[in-house]
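1. Generate a structure from the sequence data that follows.
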Amino acid sequence: MHLDILTPERKIFNGDVYGVQLPGVSGYFELLDNHAPIVAALGNGQMKILKDKNNNIEVYKIQGGFVEMSSNKTIVLIEGAETVK
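-> Next up, the predicted model:
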């Protein structure tokens, strides 16, 4: 799936990934290839970008925002992010 992650200041990520784990307002959830269309609010927590099936990941501490996934394209709009790993 294709993933774009944006903050008001900059683009954090743009590329093809295996999936992404996100902190929803009611708990963590994961989006993988061909997930059903979704729009969800995000809370504060860790976002994990799953780059491939070999556990190659990037981790960010994020502040609330929103995610939209449709047609195997995911857009994450967040207030801010700090690299964790």
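
2. shaky segments in the chain?
-> Scanning the chain for pLDDT under 70 picks out the ranges 85.

3. could you redo the last one with a cut-off of 90?
-> Applying pLDDT under 90 to the chain picks out residues 52-55, 63, 80, 85.

4. mind listing the strands for it?
-> Taking DSSP state E as the test, the strands found in the chain are 2-6, 11-16, 19-24, 27-32, 38-42, 45-50, 57-70, 73-83.

5. possible to save those as CSV with mean neighbour count?
-> Any C-beta I mention is one placed from the backbone N, CA and C, and that applies to glycine too. What follows is the strands of the chain, written out as CSV (neighbours: other CB atoms under 10 Å):
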stretch, mean neighbour count
strand 2-6, 18
strand 11-16, 13
strand 19-24, 20
strand 27-32, 14
strand 38-42, 14
strand 45-50, 19
strand 57-70, 17
strand 73-83, 16
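
6. List the contacts of the most centrally placed residue in the chain.
-> By CA atoms, centre = their mean, the chain has its centre lying nearest to Val20, at 4.9 Å. By CB atoms under 8 Å, 6 or more residues apart in numbering, the contact list for Val20 reads Leu3, Glu30, Leu31, Met47, Lys48, Ile49, Leu50, Thr74, Val76.

7. do Asn14 as well
-> Contacts of Asn14 (CB under 8 Å, 6+ apart): Leu3, Asp4, Ile5.

8. State the distance from it to Gly43.
-> 23 Å (CB to CB, to the nearest Å).

9. where's Ser70 relative to Met47, distance?
-> From Ser70 across to Met47, the span is 19 Å (CB to CB).

10. Hmm, I typed the wrong one, I wanted Asp4.
-> Per CB to CB, Asp4 is found 13 Å from Met47.

11. Spit out the residues that contact these two alike.
-> Residues touching both Asp4 and Met47 by CB under 8 Å, 6+ apart: Val76.

12. Settle this for me: Asn34 is touching Asn72, isn't it.
-> Yes. Asn34 is within contact range of Asn72, at 6.0 Å (criterion: CB atoms under 8 Å).

13. Give me the common contacts of the two.
-> Shared contacts of Asn34 and Asn72 (CB under 8 Å, 6+ apart): Met1.
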